[in-house]
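Undergrad: coords below, sequence missing:
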């Protein structure tokens, strides 16, 4: 079984690229972030035409998450239980083939120690509480998405230059590590150990061409599911296309 995550930076704009990428990849489930469309404009029929069911939570112009699957999507839950209709659309969970998949677009934070940065830290606390209250670390669980946090020095192109900056502060990393301590295994790091690879490159300053990126897109799994993982990689090929998303997809494969 293959599970992918990809911040597509507008699903309607990237549909041709995404469909082209999916061809021949045999992806069972793909989790999307920054779909940037209201539910009424979600390309449901086009995805059905290529064999995918979809559960989605949309928002105009920004945010938005979706889970696409070749298999039935069950027990869908959108956002946190205490969110209301006005809350940002940043999380969707569902069960596919017995795996509980939680797809997140974790807040960016914008600038250090602003209200938006504090919102990011609070959101991560709520995410940990969500797993404590609604999931079991003894079952098969996936947490994936755009985390907007680089967890270790290998995950940034220049650790000294990034230290203390947004996405790589000790505060953000500690908040994300608190989520990880629920029991998650970082599948890319498990399968690739000392590799320095990135999943996001800024559109500016030739970051892609100079490979000055961050690894902020992740697939984490509970121990039981991590033990079944046979591969996890970042597929950088879509980032080289014309007018790409600034993120590349991450793919994990399981014996399941």
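TA: On my side now, so go ahead. The shown structure was predicted, so the numbers you read here are calculated from the model rather than taken from an experiment. Numbers count the residues shown, from 1 in each chain.
Undergrad: element containing the residue lying farthest from the centre of the chain?
TA: For the chain, the residue at maximal distance from the C-alpha centroid (CA atoms, centre = their mean) is residue 160, at 25.5 Å. With secondary structure defined by DSSP states H and E, residue 160 is part of helix 159-162.
Undergrad: ok, the residue farthest from the centre of the chain to residue 205 distance?
TA: In this view, residue 160 and residue 205 are 18 Å apart by CB to CB, to the nearest Å. Yep, even glycine has a C-beta here, placed from its N, CA and C like the rest.
Undergrad: also residue 42?
TA: Using CB to CB, one obtains 33 Å as the distance from residue 42 to residue 205.
Undergrad: helices of the stretch 51-200 of the chain, start to end?
TA: The residue ranges that make up the helices of the stretch 51-200 of the chain, judged by DSSP state H, counting those that start in this stretch, are 115-134, 159-162, 170-180, 187-192.
Undergrad: any chance of these in a markdown table, with distance to residue 209 too?
TA: Formatted as a markdown table, the helices of the stretch 51-200 of the chain follow (distance: least, CB to CB, whole Å):
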| stretch | distance to residue 209 |
| --- | --- |
| helix 115-134 | 29 |
| helix 159-162 | 18 |
| helix 170-180 | 27 |
| helix 187-192 | 23 |
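Undergrad: which among these is found nearest to residue 50?
TA: Set against residue 50 and scored by CB to CB, the helices of the stretch 51-200 of the chain come closest in helix 187-192, at 25.6 Å.
Undergrad: so what touches that closest one?
TA: In this structure, residues lying in contact with helix 187-192 by CB atoms under 8 Å, 6 or more residues apart in numbering are 152, 197, 215, 218-221, 226, 229, 231-234, 250, 252.
Undergrad: closest one of those residues to residue 47?
TA: Relative to residue 47, the closest of the contacts of helix 187-192 is residue 250; by CB to CB it sits at 19.8 Å.
Undergrad: bridged to the closest one, which residues?
TA: With DSSP bridges as the criterion, the beta-bridge partners of residue 250 are residue 5, residue 234.
Undergrad: cool, and residue 68?
TA: Counting by DSSP bridges, residue 68 forms beta bridges with residue 30, residue 54.
Undergrad: how about it, what does it touch?
TA: Residues near residue 68 by CB under 8 Å, 6+ apart: 29, 30, 31, 32, 47, 52, 53, 54.
Undergrad: now with 10 Å, please.
TA: With contact taken as CB atoms under 10 Å, 6 or more residues apart in numbering, residue 68 is in contact with 4, 11, 18, 22, 27-32, 44, 47, 50-56, 96.
Undergrad: show me where the stretch 1-150 of the chain has strands.
TA: In the stretch 1-150 of the chain, the strands defined using DSSP state E, counting those that start in this stretch lie at 2-7, 29-33, 53-57, 65-69, 74-78, 91-96, 99-105, 141-146.
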